[in-house]
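Participant: Sequence first, then the predicted structure, then my questions.
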Amino acid sequence: MVRLITHNLLACHAKGCTSNNFPLAFSNVQIEIREAEFNPEFLKNFIPKIEWKALVDTARQLGDTSLPLEQPEMIDDDFLKNLHHVLLETHVEEGVMTCPNCKHEYPISNGIPNMLLAEHEIG
Amino acid sequence: MIPTPDLSHLTSSDYEHVYEPAEDTFLLLDALEEHADELKQMAPLTCLEVGSGSGCVSSFIGQILGSSTLYLCTDINTHACRCTRRTGTQNKVPLEVVHTSFAYPFHARLKHSIDIILFNPPYVPTQMEEMSGAQKLRDIEGSWAGGNDGMQVTNKFLELVDDLLSARGRVYLVALKENNIPEIQTRMANRYKLQSTIVLSRRAGREHLSIICFHR
Ligand SMILES: C[S@@+](CC[C@H](N)C(=O)[O-])C[C@H]1O[C@@H](n2cnc3c(N)ncnc32)[C@H](O)[C@@H]1O
Ligand SMILES: [Zn+2]
């Protein structure tokens, strides 16, 4: 599963690629929505770990505009429900993730991103 | 008693390419069960299993900790990645699987922020060529071939783990007597100030296995 929560934690790790290597850009994606248990506590605790702009941009790119551009100061239930849906229920099953810096392509198939690099490509 | 995860969807043809849970796996499950109360109290936000194989261990800890934790899994073996995913689904634990060596793609974003790290590594002493060949082939041999002292894959892991572990985090590692556990413990204390305890030890056939738990 590449849920958007995972995508928000993955960066390119090719040799020498150490800046502007996040977020990986999706293309040719197939998305599936699968219900997940709503856990507001988890979401609240996880918010500080999220790169907000990367998440919102990615969600918008995939057609979900439910999240505000700026992280809200007041965290209410509606916001948490939207965040839950984007982070934990949106699965990218097929597609490609491309590094914004070195353009390395990481394919996703059956919901599993292939982030293996050849020995000489590892930083 | 926390039930052993349901693995009934995996068949002998899966186990041709993927490590079938064995005594080492079960010792790790027992160690996690022994620490279940502490782990729940600690309320970890993120749990990473390197080399998740069948997915048995992550599904087990997922049953202990529930939806308050994010479960990340990695494996170099593509068959293992698929089995991990299926085992998560079978046991209703959302396991996020990434096909990679160690946890390289997470270092940039999860520096010092993973609360639980698990690794049952390829720990069997073998010829060095056997280990490096297995790491390249990424099939069943990669689940046991450990090179000199059975430590070549584990050593690499031990160099990387400090960078990922959070201030309150813990690492659970399976090791064999031949891996020289006292040396591992002193090394991690000297280099990274990581303290450690042996949670459980057990003899299984010719193997004398232990679970080491590291923390800051
Ligand atoms: C002893 S098996 C353990 C499998 C499972 N965690 C268990 O306890 O039953 C070791 C696993 O580590 C994986 N592995 C070996 N080298 C690795 C590496 N460099 N990075 C990630 N996984 C690796 C193997 O493919 C295998 O699935
Ligand atoms: Zn890159």
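Facilitator: It's in. Ligands and ions are numbered 1, 2, ... in the order given.
Participant: Now do the helices in chain A.
Facilitator: A:4-7, A:40-46, A:52-61, A:77-84 (DSSP state H).
Participant: Pick the most buried one from the ones you listed.
Facilitator: Among those, helix A:4-7 has the highest mean neighbour count (mean count of other CB atoms under 10 Å in any protein chain shown), at a mean of 24. All C-beta spots, glycine's among them, are computed from the backbone N, C-alpha and C.
Participant: does any bit of the helix or strand harbouring B:His79 sit next to ligand 1?
Facilitator: Counting by DSSP states H and E, the element that carries B:His79 is helix B:78-90. Yes - contact between helix B:78-90 and ligand 1 is present through B:Ala80 (criterion: CB under 6 Å from any ligand atom).
Participant: by contact count, what packs against that helix?
Facilitator: strand A:112-113, helix B:56-65, strand B:70-75, strand B:95-99 (3 or more CB pairs under 8 Å, 6 or more residues apart in numbering or on different chains; DSSP states H and E).
Participant: Next, format these as TSV and append mean pLDDT, mean neighbour count and distance to B:Phe26.
Facilitator: Below are those laid out as TSV (pLDDT from 0 to 100; neighbours: other CB atoms under 10 Å in any protein chain shown; distance: least, CB to CB, whole Å):
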stretch	mean pLDDT	mean neighbour count	distance to B:Phe26
strand A:112-113	97	24	26
helix B:56-65	98	24	9
strand B:70-75	98	26	18
strand B:95-99	98	27	19
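Participant: in the chain, which helix or strand is least confident?
Facilitator: Using chain A here. Here the helix or strand of chain A ranked lowest by mean pLDDT, DSSP states H and E is strand A:2-3, holding a mean of 94.
Participant: Correction: the question concerned chain B.
Facilitator: helix B:128-137 (a mean of 94).
Participant: Pull out the buried positions in the following helix or strand past that one.
Facilitator: Scanning forward in sequence from helix B:128-137 by DSSP H and E, the next helix or strand is helix B:152-164. Residues of helix B:152-164 classed as buried by neighbour count (16 or more other CB atoms under 10 Å in any protein chain shown): B:Gln152, B:Val153, B:Thr154, B:Asn155, B:Phe157, B:Leu158, B:Leu160, B:Val161, B:Asp162, B:Leu164.
Participant: What is the nearest of the residues you listed to ligand 1?
Facilitator: B:Val153 (5.1 Å; CB to the nearest ligand atom).
Participant: pretty sure that closest one contacts B:Gln135?
Facilitator: Yes - B:Val153 lies in contact with B:Gln135 (CB atoms under 8 Å); the separation is 7.1 Å.
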